[in-house]
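Participant: A structural model of the following input is requested.
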Amino acid sequence: MDKNTDALARYATQLKFEDLPAAVVHETKRKLIDALGCALAAVDAESCRIARAIARRSVGNPPARLLGTQELSTPELAAFANGAAIRCQDYNDSYLSGASCHPSDTWPAVLAVADAAHADGKAVILGAVLAYEVSCGFSDVMPREQGWDNVFYDTVGAAVGAARVLGVSFDQMVHAIGFAIVPNVTLEQTRVGELSMWKGCAAANAARNGVFAAQLAHEGMTGPQDVIEGKWGLCNLFGHKFEWAPFGGRGGLFRIARTHLKYYPGVVHAQSAIGAALQLHGQVPIEDIEAITIETYWVAKRYTKRDTPLWNPTTSATADHSIPYLVAAALIDGDVTEETISESRLKDPRLQALMQKMTVQLNDEFEAAYPDGWQCRIGIAARGGVRKSAHIKFFKGHVETPLSDVEVEAKFRTLTAHALSQEQANSLLAKAWRLEELKDIGEVLALCAVKGTSR
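Facilitator: Coordinates of the predicted model:
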């Protein structure tokens, strides 16, 4: 067996809930609340309705429920449908190191398997911590933008987290890792050009595949060996050998405590830009603006060609990845919300007109500081020689400037205001904050029933 697979499987089967510091348990509950809020906010989006339509064609034995409607499906299809909702608005958490991922994309796998197994809150917390550890661990050791989609990391994280909820042995965990890796390498083409619904569903598919990998291993299926370091393993495919950075525990930091929550719906690389633009809102009349300069790190290279969809988004999936669009909306509206990325909002001619006055530039200082700081500076030149600028080093929600528990709850309530009654929201939050005390995760999931959801 290759040493990376061995190390990961041993860690994943040996870590216990009692090994988790109280702060990590608390952070895991914060991440769950955030993920559920994102899911319930988007549950009636078109891509989510499609995912549920497919999921409801099958009922598992045992079943898992679909967030929002409480319909029953198989655990793997529930993971897909619920994952599509969590990721839909690009509002869930992020982790950036050498590469990046959205580790909360593993929650649907952990929750679906736990729901089917009636697992308790401690098992869910441990499974989620492991899933985050694996997804973020890949980001620590793999290079960015090499042609594969980072949801691949979530497939492996989802498989490990789900397998631990199922209580697999060491050998079964090895097989689960193999089933997650060998069939499921994904392409970055998902995030190139005009972005489609699949941009938000690719991670949901990763969760689905992670659940299936865990189920196969749990039932006794044997899988391929040496999947990371073997002749045709992961390292050969990616052309990049690695060794895991130290896993969380034994004094080491758990990665779930180093992930970032988003305060605004949009790609993580836009969070600092949005913050800077909001500082500038109202300082200069929009009609007086002559030029806008956006200085950032390597992500600026995506904006060197102005004929790409990022400069003229026509879908919500593209808009939430467009720094120029989100900056324009922040300057005009003074806020960035779910409505900002709605397809009706994209048609506002003022947004496109303001985007035409923008230039996105690479700042060498910001590049050198990445990934410890995700900096952005916006400068505005206006009529009469007026100059204004704003600089953000750590966006709101970054681990260095984290959301408080009150702000996490406020985001959840804002996201779910149209979907849950105040009583539902209060009950769900109360149970989520006591997650480690619950005997069955279904106590939380049963409260994720959206009033008036289209089925």
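Participant: any chance you could map the strands in the stretch 301-450 of the chain?
Facilitator: Along the stretch 301-450 of the chain, the stretches classed as strands by DSSP state E, counting those that start in this stretch are 358-362, 376-382, 386-392.
Participant: the inter-axis angle of the shortest one versus strand 376-382?
Facilitator: To tie it back to what came earlier, the one meant is strand 358-362. For the pair strand 358-362 and strand 376-382, the angle between their directions (axes from the mean of the first three to the mean of the last three Cα atoms, to 10 degrees) equals 140 degrees.
Participant: what residues sit buried inside strand 358-362?
Facilitator: Buried positions in strand 358-362, judged by neighbour count with 16 or more other Cβ atoms under 10 Å: 358, 360. For the C-beta atoms, the positions are set from N, CA and C on the backbone; glycine is no exception.
Participant: any idea which of the strands of the stretch 301-450 of the chain is most buried?
Facilitator: When the strands of the stretch 301-450 of the chain are scored by mean count of other Cβ atoms under 10 Å, the highest mean neighbour count falls to strand 376-382 (a mean of 22).
Participant: format the strands of the stretch 301-450 of the chain as JSON lines; extra columns: distance to V110 and mean pLDDT.
Facilitator: Written out in JSON lines, the entries for the strands of the stretch 301-450 of the chain read as follows (distance: least, Cβ to Cβ, whole Å; pLDDT from 0 to 100):
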{"stretch": "strand 358-362", "distance to V110": "37", "mean pLDDT": "97"}
{"stretch": "strand 376-382", "distance to V110": "33", "mean pLDDT": "98"}
{"stretch": "strand 386-392", "distance to V110": "33", "mean pLDDT": "98"}
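Participant: how about the ones you listed in a markdown table, adding distance to H281?
Facilitator: Formatted as a markdown table, the entries for these read as follows, by distance: least, Cβ to Cβ, whole Å:
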| stretch | distance to H281 |
| --- | --- |
| strand 358-362 | 15 |
| strand 376-382 | 11 |
| strand 386-392 | 10 |
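Participant: how about these, which one is nearest L15?
Facilitator: L15 sits nearest to strand 386-392 of all those, at 35.9 Å, using Cβ to Cβ.
Participant: list of residues touching the closest one?
Facilitator: Applying Cβ atoms under 8 Å, 6 or more residues apart in numbering, the contact partners of strand 386-392 are 272-273, 275-277, 279-280, 283-284, 288, 375-382.
Participant: count of neighbours near D307?
Facilitator: 7 (other Cβ atoms under 10 Å).
Participant: again but with G252, I slipped
Facilitator: Residue crowding around G252 was assessed by other Cβ under 10 Å; the count is 10.
Participant: relative to R164, how far out is the residue lying closest to it once chain neighbours are set aside?
Facilitator: Nearest in space to G252, with sequence neighbours left out and distances taken as Cβ to Cβ, 6 or more residues apart in numbering, is P246 at 4.7 Å. Going from P246 to R164 by Cβ to Cβ, to the nearest Å gives 19 Å.
Participant: name the nearest residue to F212, sequence neighbours excluded.
Facilitator: Here the nearest residue to F212 in space, its sequence neighbours aside, is E76; by Cβ to Cβ, 6+ apart that works out to 5.0 Å.
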